[in-house]
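> what's the 3D shape of this:
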Amino acid sequence: GSPGTGKTTLSLSLAAAITNGGYLPDGSRAVQGSVLVWSGEDDPADTLKPRLAAAGANMSRVHFVGSVGHGHDARPFDPARDIAGLEYAAEEIGDVALLIADPVVSAVSGDSHKSTEVRRSLQPLINLASNLDCAVLGISHFSKGTAGREPLERVTGSIAFGAVARIVLAAAKAEDGGRLLARAKSNIGPDGGGFAYNLELVDAGGIEASR
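Got it, this is the predicted structure:
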């Protein structure tokens, strides 16, 4: 989706529902589990944690993917090198149901516009999801100057991002000021339909956060 549609806030709302066994958009209850959040754009302390709190998340079940190593040798998490360590940590947690990758393009170590490099870079995440029996939710922007084209063709980078995903959801602003989340692709269920939603700002422990 485009900036300002609330992609990250939506993802954290889903995460919150999973951590406390709450309700999903279709009215069903989520099976309670833990969530891994890997964000290259937002800081956990001043952005992600307040949004999760505003959504009612059980924070004891939320785990942030941080730096790798110790002391002066610490470095940012690199999916090309560190998936095995992440899988080990997730197995220690034991009930991981969702991994959020924001943005998913950060998982690509090479050229994100080349299909073969995107597929090769995303495969470790796919294997991780299979081994942990969890879902991976990758967040991506629409490319500039692509309005009017099919949503799958608008995803930033290679078309492989949309091809590899089993489900693609598009977030958009509606003419009445609300927002819409629609299925643009689904290989494992209905193709089409979606949900309307709104964003609001609330006080989350002294920090204004969206939910």
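
> When you work out contacts or count neighbours from here on, use the C-alpha atoms and nothing else.
OK.

> Just give me the longest helix of this structure.
The single longest helix within the chain, with elements called by DSSP state H, is helix 115-132.

> Just list what that helix packs against, helices and strands only.
For helix 115-132, the elements it packs on are helix 79-93, strand 135-138, helix 160-164, judged by 3 or more Cα pairs under 8 Å, 6 or more residues apart in numbering; DSSP states H and E.

> Against which helices or strands is the shortest one packed?
Using 3+ Cα pairs under 8 Å, 6+ apart as the contact test, the elements touching strand 135-138 are strand 96-102, helix 115-132.

> likewise the first one?
Using 3+ Cα pairs under 8 Å, 6+ apart as the contact criterion, the elements in contact with helix 79-93 are helix 115-132.

> So which bits of the helix it packs on are buried?
Of the residues in helix 115-132, 115, 117-119, 121-122, 124-126, 128-129, 132 count as buried by neighbour count, 16 or more other Cα atoms under 10 Å.

> Check stretch 169-180 too.
Of the residues in stretch 169-180, 169-173, 179-180 count as buried by neighbour count, 16+ other Cα under 10 Å.

> and residue 88, which of the helices and strands packed on strand 135-138 is closest to it?
For residue 88, the closest of the helices and strands packed on strand 135-138 is helix 115-132, at 10.0 Å, according to Cα to Cα.

> now the closest one against strand 96-102, angle please.
On the basis of axes from the mean of the first three to the mean of the last three Cα atoms, to 10 degrees, helix 115-132 is oriented at 160 degrees to strand 96-102.

> Now do the buried residues in stretch 178-188.
179-185.

> now those residues as JSON lines including distance to residue 201, pLDDT and secondary structure?
Below are those laid out as JSON lines (distance: Cα to Cα, whole Å; pLDDT from 0 to 100; DSSP: H, G, I helix; E, B strand; the rest coil):
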{"residue": "179", "distance to residue 201": "15", "pLDDT": "93", "secondary structure": "strand"}
{"residue": "180", "distance to residue 201": "18", "pLDDT": "93", "secondary structure": "strand"}
{"residue": "181", "distance to residue 201": "19", "pLDDT": "93", "secondary structure": "strand"}
{"residue": "182", "distance to residue 201": "23", "pLDDT": "91", "secondary structure": "strand"}
{"residue": "183", "distance to residue 201": "26", "pLDDT": "91", "secondary structure": "strand"}
{"residue": "184", "distance to residue 201": "28", "pLDDT": "89", "secondary structure": "strand"}
{"residue": "185", "distance to residue 201": "30", "pLDDT": "90", "secondary structure": "strand"}
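
> and residue 113, how far is that from residue 2?
From residue 113 across to residue 2, the span is 18 Å (Cα to Cα, to the nearest Å).

> least trustworthy helix or strand in the chain by mean pLDDT?
Taking mean pLDDT, DSSP states H and E as the measure, the chain has helix 151-154 as its least confident helix or strand, at a mean of 71.

> what does that helix rub up against?
Contacting residues not belonging to helix 151-154 are listed as 142-143, 146-147, 159, 162, 168, 170, 184-185 [Cα atoms under 8 Å, 6 or more residues apart in numbering].
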